[in-house]
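S.K.: Sequence and computational prediction follow.
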Amino acid sequence: MRIDVPWGAGTTPVDIDDHRVAGVLGANVEKAEDPEGILREALAAPGADFEEYLARAASPLLVVVNDGTRPTPSAQVLAVLRARLEEWLRAPGNELDFVVATGTHRAALPEELDRIFGVDFAAMHAERISSHDSKDEEELVHLGRTTRGTEIWVNRLLAEARAVIVINSVEPHYFAGYTGGRKSLFPGLAGYETVWANHKLSMQEGSELLVLEGNPVHEDLEEALTMGIVGKDVFSIQLVLDKGHRIGFAAAGTLEGTFRQAIAVAEKQFVLDIDRCYEVVVAVAPHPMDCNLYQTNKAVQSGALAVGDGGVLIVVSQCTYGLGENQTLFDMLSAAASPAEALERANLEEYRLGAQQGTRIASILDRARIWMVSSLEDEQVGAMFMAPFATVQEAVDAALADQGEAAQALFLTEASITVPRVRKAGRESV
């Protein structure tokens with residue numbers, strides 16, 4: 001059997017005996033037949049009419065989009081909104097800005113801006129487009145403190161905006177429950193100190209995949225959001241994507257309402273019921289979520305849910321930009337003599353942004369092995385107690401030989417956004 005495993009913008013082949021394949025699983029969704037039609041229908045729905053929103057939208061108006069590490073097809077959405085936005089802009093005194101919600105990531109590169117906005121759109125509105133910088137204190141405004149003690153610093157553009165349009169997509173998230181919704185603004189447009197304090201909560205109980213109620217990270221973000229949008233007219237466009245990262249579902253209207261609608265669809269598409277945990281799991285970080293190790297961690301966390309104790313988790317991610325700007329994961333593991341020591345140190349030292357990645361991977365390594373197929377240096381992979389492999393074929397062959405003749409391999413082709421869940425008796429697949 002030949003399996004074309006995603007690799008960068010293309011694929012890499014793996015040949016494997018049929019009986020050794022437990023399954024090849026991706027999102028439970030087919031190609032959207034009419035992405036633009038889906039979006040236009042959402043924008044015209046009763047109570048969510050975009051025309052009505054712009055008619056009342058006060059200036060300045062801020063449009064918030066995801067950064068280049070997210071698969072959100074912002075350019076497709078903006079192509080539909082463009083004519084009306086530019087018409088609104090022509091009115092005397094109206095000011096319009098676009099901001100890339102980078103969180104603590106680096107600023108968007110020129111080629112990323114072209115992909116996020118579309119080449120023509122990016123050129124036409126270049127002077128209105130900026131990337132959020134979480135460490136630029138002069139461009140941050142303090143709004144107060146949440147009940148959990150998170151100091152709320154936010155991008156000045158958001159603080160001063162009277163109307164805000166948010167474009168996002170919703171997928172499972174390994175400690176915030178789900179991406180999308182409130183994450184466009186917090187942590188998307190938050191100061192570094194705010195993100196640090198919020199993400200520190202990920203070390204607490206309840207910060208898990210698919211969990212919102214009782215999740216301290218999510219609840220803190222919700223409180224920050226409430227403080228951040230006081231007095232603002234917010235219009236939200238929340239998407240759930242098809243296999244080609246096109247619009248498969250869209251909801252428009254209030255931020256809370258659209259977020260909840262998208263979550264209901266996302267759970268059906270991204271939660272994958274499986275019969276058992278397997279000896280070998282191939283977890284792929286699909287492009288563009290394969291950009292660096294920091295983003296690849298999402299695929300690691302998802303894949304770990306499907307691998308049995310003593311098994312092998314093969315992580316496939318090109319990691320074009322290496323470790324990423326945040327190297328806490330690498331630093332924590334490479335500085336320790338063992339995964340157990342890394343966990344022990346994390347419990348004793350002050351929290352560092354990204355520490356949740358190091359502790360969770362150390363916990364995985366305590367019960368299974370992690371092998372990596374990437375463009376990272378072999379020494380870097382080895383320093384994290386993982387084994388580097390040049391090709392997926394080599395890694396799969398070695399893992400199956402290691403696990404014995406009865407071992408099977410499960411392929412998760414979109415591990416960054418899907419969540420495998422062992423099926424319980426009496427529960428049907430979602």
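M.R.: Looks like it came in fine.

S.K.: same for the helix or strand of the chain with the lowest mean pLDDT, what does it pack against?
M.R.: Lowest mean confidence among the helices and strands of the chain (mean pLDDT, DSSP states H and E): helix 339-348, at a mean of 89. When contacts are defined as 3 or more CB pairs under 8 Å, 6 or more residues apart in numbering; DSSP states H and E, helix 339-348 sits against helix 328-334, helix 355-365. Where C-beta positions appear, they are placed from N, C-alpha and C, glycine not excepted.

S.K.: Quick check: buried residues in it?
M.R.: 339, 342-343, 345-346 (16 or more other CB atoms under 10 Å).

S.K.: Contact partners for Gly47?
M.R.: Gly253 (CB atoms under 8 Å, 6 or more residues apart in numbering).

S.K.: surely Gly214 meets Ser207?
M.R.: No - with contact defined as CB atoms under 8 Å, Gly214 does not reach Ser207; the gap is 9.5 Å.

S.K.: Pick out whichever of those two has more residues nearby.
M.R.: Shown here are Gly214 and Ser207; by other CB atoms under 10 Å, Ser207 has more neighbours (21 against 12).

S.K.: Let me see the contact set for the more buried one.
M.R.: Listed by CB under 8 Å, 6+ apart, the contact set of Ser207 reads 175-176, 201, 215-217, 356.

S.K.: ok, now Pro388?
M.R.: 371-374, 376, 378, 381-382.

S.K.: The same query, at a cut-off of 10 Å, please.
M.R.: 371-374, 376-382, 395 (CB atoms under 10 Å, 6 or more residues apart in numbering).

S.K.: now, the most widely separated pair of those residues?
M.R.: Glu379 and Ala395 (17.8 Å; CB to CB).

S.K.: These two: who's more crowded?
M.R.: Taking neighbours as other CB under 10 Å, Glu379 and Ala395 compare with Ala395 leading, 24 against 9.

S.K.: Could you tell me the model confidence score at the more buried one?
M.R.: Looking at Ala395, its pLDDT is 98.

S.K.: What lies in contact with the least confident helix or strand of the chain?
M.R.: 203, 328-329, 331-336, 338, 352, 355-356, 358-367, 370, 384-385.

S.K.: C-alpha coordinates for that helix, PDB please?
M.R.: Provided in PDB are the C-alpha atoms of helix 339-348 (Å, rounded to 0.1, in the frame of the first residue of the first chain):
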ATOM      1  CA  PRO A 339      12.800  14.000  30.400                       C
ATOM      2  CA  ALA A 340      12.100  13.300  34.000                       C
ATOM      3  CA  GLU A 341      14.700  15.900  35.000                       C
ATOM      4  CA  ALA A 342      13.200  18.500  32.600                       C
ATOM      5  CA  LEU A 343       9.800  17.900  34.400                       C
ATOM      6  CA  GLU A 344      11.400  18.300  37.800                       C
ATOM      7  CA  ARG A 345      13.100  21.600  36.800                       C
ATOM      8  CA  ALA A 346       9.900  23.000  35.300                       C
ATOM      9  CA  ASN A 347       8.100  22.500  38.600                       C
ATOM     10  CA  LEU A 348      10.900  24.300  40.500                       C
END
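
S.K.: Hmm, Pro73 is touching Ile116, no?
M.R.: Yes - using CB atoms under 10 Å, Pro73 is in contact with Ile116, at 9.4 Å.

S.K.: Report the set of residues contacting both of those two.
M.R.: Contacts common to Pro73 and Ile116, judged by CB under 10 Å, 6+ apart, are 66, 167.
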